[in-house]
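Chemist: One predicted model, sequence on top.
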Amino acid sequence: MAERPVEPTVESMASDWPWPLQRRVWLATRPQFLPASVLPVAVGTAWGARLAGTLDVTALMLALIAVALVHAGSNVLNDVGDELCGTDRCNADRIYPFSGGSRFIQNGIFSVMQMSRLGIALLAAAMAVGLLLSGLYGWPVLLFGVAGIALGSLYSVPPVQLAGRGLGELVVATGFGPLPVAGAAWLQSGQFDPAWLVLSAPVACWVAAILLVNEVPDIAADRMAGKRTLPVRLGVRRTAWLFVALQLAGALLLAGWQLDQGMRAGSLLWPLLLAAGGLRAASGITGGRQALTVSIRMTLAVHTAGCAGLIVMALQPG
């Protein structure tokens with residue numbers, strides 16, 4: 001059995017590394033999850049550029065920076081919210097680095113106040129990039145930016161804390177699905193097209209599945225802290241069935257998009273493989289710690305592979 005990843009401590013974050021403060025700030029944002037937000041931007045960019053006939057590199061880079069900053073700030077504020085409600089403090093079943101937060105507060109690396117300031121600073125930086133984008137491409141950019149920041153904040157921060165009201169998956173599906181996909185596609189094409197919402201639907205399913213499976217190890221701690229996530233409300237078995245539904249929906253929506261775009265029937269092998277991977281991931285949700293860890297990794301892989309497939313499709317001549 002593989003050894004568990006070592007959690008960050010004050011000692012491991014000591015100044016024997018170059019730029020120790022910058023390293024701590026970087027790791028506090030949980031950068032391993034940033035692909036969940038930047039890949040949807042790449043998907044929207046690829047299809048928007050396909051429609052426009054050209055790639056606007058400036059729009060792509062600024063959109064990636066803005067979305068990554070919103071995601072990073074939301075992650076940090078989520079750590080603050082989970083510390084304030086008590087769930088991360090009492091979480092003995094966490095599977096680091098996937099659940100239980102970054103552990104920066106609990107292990108004494110940053111205080112709650114420091115993490116709060118960091119989260120706010122990251123969101124402020126995202127807003128600054130959004131203002132730059134709006135100056136270059138028009139005020140509608142601000143609609144996407146404000147919506148993303150609002151969802152990221154309300155997801156985590158008391159007293160609203162939508163994640164604790166069973167709405168976390170809906171918030172994440174929206175914030176990492178339609179917002180970045182449609183926003184990036186609009187930046188490239190200059191068009192608001194309902195098709196972008198259809199394009200984002202499988203991405204939304206895959207990212208909601210990531211959150212759902214990551215919440216399973218936290219059920220006991222969340223229940224104790226009064227944070228009523230969907231897995232707390234549903235229990236493990238019904239959570240597994242919801243996970244299956246999300247994976248199958250993602251695969252079916254991807255297949256529907258392929259057929260709508262006139263792709264070859266042979267390309268339907270891709271959603272079938274993704275569905276198989278999703279079902280394999282679902283089988284470990286009701287298992288032990290090691291099986292659940294494999295499920296989490298496979299869920300992340302399905303999201304990555306699905307987004308990569310959508311990008312490749314956009315690059316095909318047609």
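Modeler: Ah, there it is.
Chemist: so where is the stretch 1-150 of the chain shaky, pLDDT-wise?
Modeler: Scanning the stretch 1-150 of the chain with the threshold set as pLDDT under 70 gives 1-4, 15-18.
Chemist: Which residue ranges of it form helices?
Modeler: Applying DSSP state H, counting those that start in this stretch to the stretch 1-150 of the chain gives helices spanning 20-28, 35-52, 57-85, 112-137, 140-156.
Chemist: For Gly262, find the nearest of those.
Modeler: The closest of the helices of the stretch 1-150 of the chain to Gly262 is helix 35-52. By C-beta to C-beta, the value is 12.9 Å. No exception for glycine: its C-beta is placed from N, CA and C like everyone else's.
Chemist: Dump the closest one to PDB, restricted to CA.
Modeler: Presented in PDB, the C-alpha positions along helix 35-52 are these (Å, rounded to 0.1, in the frame of the first residue of the first chain):
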ATOM      1  CA  PRO A  35      -7.100  22.200 -13.700                       C
ATOM      2  CA  ALA A  36     -10.700  22.000 -12.700                       C
ATOM      3  CA  SER A  37     -11.100  25.700 -13.600                       C
ATOM      4  CA  VAL A  38      -8.500  26.300 -16.300                       C
ATOM      5  CA  LEU A  39      -9.500  23.300 -18.400                       C
ATOM      6  CA  PRO A  40     -13.000  24.700 -18.900                       C
ATOM      7  CA  VAL A  41     -11.500  28.000 -20.000                       C
ATOM      8  CA  ALA A  42      -9.400  26.000 -22.600                       C
ATOM      9  CA  VAL A  43     -12.500  24.200 -23.800                       C
ATOM     10  CA  GLY A  44     -14.500  27.500 -24.300                       C
ATOM     11  CA  THR A  45     -11.500  29.100 -25.900                       C
ATOM     12  CA  ALA A  46     -11.000  26.300 -28.400                       C
ATOM     13  CA  TRP A  47     -14.600  26.300 -29.500                       C
ATOM     14  CA  GLY A  48     -14.900  30.100 -29.600                       C
ATOM     15  CA  ALA A  49     -11.700  30.400 -31.600                       C
ATOM     16  CA  ARG A  50     -13.000  27.700 -34.000                       C
ATOM     17  CA  LEU A  51     -16.100  29.900 -34.600                       C
ATOM     18  CA  ALA A  52     -14.000  33.100 -34.900                       C
END
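Chemist: by how many degrees do it and helix 140-156 diverge?
Modeler: Angle, helix 35-52 to helix 140-156, by axes from the mean of the first three to the mean of the last three C-alpha atoms, to 10 degrees: 160 degrees.
Chemist: May I see the buried residues of helix 35-52?
Modeler: In terms of neighbour count (16 or more other C-beta atoms under 10 Å), helix 35-52 has its buried residues at 35-50.
Chemist: Pull the most distant pair out of those.
Modeler: Ala36 and Arg50 (22.9 Å).
Chemist: Can you verify my assumption that Arg24 contacts Ile109?
Modeler: Yes: between Arg24 and Ile109 there is a contact under C-beta atoms under 8 Å: 6.2 Å.
Chemist: what touches both of these two?
Modeler: Residues within reach of Arg24 and of Ile109 at once, by C-beta atoms under 8 Å, 6 or more residues apart in numbering, are Met13.
Chemist: re the thing from before, any idea which of the helices of the stretch 1-150 of the chain gets closest to Pro180?
Modeler: When the helices of the stretch 1-150 of the chain are compared by C-beta to C-beta, helix 35-52 sits nearest Pro180, at 4.0 Å.
Chemist: Contacts for the closest one next, please.
Modeler: 55-56, 59-60, 63-64, 67-68, 70-71, 176-177, 180-191, 193, 196, 199-200, 203, 207, 210, 300, 303-304, 307-308, 310-311, 314-315.
Chemist: repeat for stretch 68-78
Modeler: Residues from elsewhere that reach stretch 68-78, judged by C-beta under 8 Å, 6+ apart: 28-31, 33-34, 36-38, 101-102, 115-116, 118-123, 125-126, 129, 145, 148-149, 152-153, 155-157, 163, 175-176.
Chemist: which of the contacts of helix 35-52 are buried?
Modeler: For the contacts of helix 35-52, buried by 16+ other C-beta under 10 Å: 56, 59-60, 63-64, 67-68, 70-71, 176-177, 180-189, 196, 199-200, 203, 207, 210, 300, 303, 307, 310-311, 314.
Chemist: out of the residues you listed, which are inside helices?
Modeler: Judged by DSSP state H, those include 59-60, 63-64, 67-68, 70-71, 180-189, 196, 199-200, 203, 207, 210, 300, 303, 307, 310-311, 314 as members of helices.
Chemist: Pick out the residue nearest the middle of the protein.
Modeler: Most central residue of the chain, judged by C-alpha distance to the mean C-alpha position with C-alpha atoms, centre = their mean, is Ala36 at 3.8 Å.
Chemist: Check the gap between the residue nearest to Leu197 when sequence neighbours are not counted and Phe192 for me.
Modeler: Nearest residue to Leu197, sequence neighbours excluded (C-beta to C-beta, 6 or more residues apart in numbering): Pro178, at 5.6 Å. Distance of Pro178 to Phe192, given as C-beta to C-beta, to the nearest Å: 12 Å.
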